[in-house]
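In: I'd like to go over a predicted model; first the sequence, then the structure.
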Amino acid sequence: MLLSPADLWAQAQRRDRQPPKSLWTRIAFRDETPDFVPPPPRDALDEGEFNEGQEIDGRGESDLANVPGAEPLFDRGTEDIGPTLADEEAGLSREEEGPADGNLDLLPPQREYFDPGFNSDPHANNTWQVMPSGLMYRSYLAGEKEPRIASVWMKDRTGRTVWESTLGARVGLLRYGTVGAYRPQGWQFDIEGGSMTRVLPGTPSSMLEAVDFRVGLISTWATGRWHVKAGYYHLSSHLGDEFIIANPGYARLNYVRDSAITGVTYDLTDNWQTYGEIAYALGAEDGAKPLEFQYGIQYSPLAFGARGAPFAAVNTHVRQDFHWITSLNCQAGWQWRGTESQRLLRAGIQYYNGPSLQYSFAGRYDTLFGGGLWIDF
């Protein structure tokens, strides 16, 4: 099909009414540069360049004004026709010249960021992992018998100095879930263990008064804000050799608990958690009775780096073998969280009131206040 020059000139007319712009056009960018329209046939001008005022098909540029609806193809004074062939040959572009339209909306600068969570692709798929990083169910900050590393110096109601220390850990053995220590999702199998000792500084040879040993196998699940654990733990209490020598007539108890345990932790926000658990001793000796309950609330911000952040925690523990008397343990201070490992280093104060922290002393009650360090896994 052949198009006459008049048809081409009509197609090159300026459109006064623009179509409505879409939402994306208003948000991202707007390009109102008219499409390039080729000039009319130049059969008669093959021998030379087109000059202003030269005739086309027998008509000069001045005669175009008499054509109804026709406008000059190139209005050099009022219209921006985009880069010319000469500009392109010279390597020029509209970006180098700057935007022609003052209303041009530029795209915002793109930002690169690192998401340590499970939203990024490497963390999106469930995989089998041996010895995974991190935990799906973390220790309660103010839990008295949680496996961790701790050293706390306190005074009791008589003014005696009591050094409570814990040497233990909880690690994952097998996981089917997301990758990484930052809020992993899925299922994980953990092993835990620790010794909770009491030393009396200021006594001959810094007497070891008592120690409780705990070991457990725990199956854990995490989905969204919910964390669940279920498993088994063994706890046995022992008096220290120095204490037995210093108190030869003291009746030794072989306190043992072999308990099935289940617990639930819920993340109220990124920084606040609440929890509750129940344990039932399938096997119990020397004063241990089946039921115990534990619940509490804690504030532990997701803050990383050397600056750290404050923390606070309250834990309550109810044991049947102490006639359902509830112990209260409160901690507060400053914490530092590992960016990759998610482990916590905490320094602060502690207040405890309730049945003795050492289970060998049935019928004894402690009121302790002091401070120390904790490392939580």
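Out: Received the coordinates, thanks.
In: give me the beta-bridge partners of the closest residue to Q188 other than its chain neighbours?
Out: Once flanking residues are discounted, Q188 sits nearest to R175: 4.3 Å by CB to CB, 6 or more residues apart in numbering. Yep, even glycine has a C-beta here, placed from its N, CA and C like the rest. R175 has these beta-bridge partners by DSSP bridges: Q129, Q188.
In: roughly how far apart are R175 and D156?
Out: For R175, the distance to D156 equals 42 Å [CB to CB, to the nearest Å].
In: Comparing these two, which residue is more hemmed in?
Out: R175 (26 against 15; other CB atoms under 10 Å).
In: could you pull out the strands for the stretch 101-250 of the chain?
Out: Listed in chain order, the strands of the stretch 101-250 of the chain (DSSP state E, counting those that start in this stretch) span 127-130, 149-155, 161-177, 186-200, 207-223, 226-239.
In: In TSV, list the ones you listed along with distance to A246.
Out: As requested, the strands of the stretch 101-250 of the chain are arranged in TSV below (distance: least, CB to CB, whole Å):
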stretch	distance to A246
strand 127-130	47
strand 149-155	20
strand 161-177	16
strand 186-200	10
strand 207-223	7
strand 226-239	10
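In: what about those, which gets the closest to G308?
Out: strand 149-155 (17.5 Å; CB to CB).
In: can you pull the buried residues of the closest one?
Out: Of the residues in strand 149-155, I149, A150, V152, W153, M154 count as buried by neighbour count, 16 or more other CB atoms under 10 Å.
In: outside of that strand, which residues touch it?
Out: Here strand 149-155 makes contact (CB atoms under 8 Å, 6 or more residues apart in numbering) with 161-169, 201, 350, 352, 368-375.
In: hmm, back to that, redo the buried residues of strand 149-155 as TSV? Include pLDDT and distance to D190.
Out: Compiled in TSV, those are given as follows (pLDDT from 0 to 100; distance: CB to CB, whole Å):
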residue	pLDDT	distance to D190
I149	97	16
A150	98	19
V152	98	24
W153	97	30
M154	97	29
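In: Which of the helices and strands in this structure ranks last by mean pLDDT?
Out: helix 23-27 (a mean of 44; mean pLDDT, DSSP states H and E).
In: and Y255, how many neighbours?
Out: If we define neighbours as other CB under 10 Å, then Y255 has 21 of them.
In: Look up how far Y275 lies from it.
Out: Using CB to CB, Y255 is found at 25 Å from Y275.
In: Check G287 too.
Out: Look at G287 and Y275: by CB to CB, they are 27 Å apart.
In: Comparing these two, which residue is more hemmed in?
Out: More crowded of G287 and Y275, by other CB under 10 Å: Y275, with 21 against 16.
In: give the contact list for the more buried one.
Out: Contacts of Y275 by CB under 8 Å, 6+ apart are Y140, G263, V264, T265, Y266, Y295, G296, I297, Q298.
In: now swap in R148 and tell me
Out: S139, T166, G168, A169, R170, G194, W374, I375, D376, F377.
In: what's the answer for R337, then?
Out: Per CB under 8 Å, 6+ apart, neighbours of R337: L302, A303, F304, G308, A309, R343, L344.
In: Repeat that for Q350.
Out: Q350 neighbours (CB under 8 Å, 6+ apart): A142, V152, M154, N329, C330, Q331, L368, F369, G370, G371, G372.
In: Please tabulate those in TSV, including the columns secondary structure and distance to E209.
Out: Shown next, in TSV, are the contacts of Q350 (DSSP: H, G, I helix; E, B strand; the rest coil; distance: CB to CB, whole Å):
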residue	secondary structure	distance to E209
A142	coil	22
V152	strand	14
M154	strand	13
N329	strand	19
C330	strand	23
Q331	strand	22
L368	strand	13
F369	strand	18
G370	strand	16
G371	strand	20
G372	strand	17
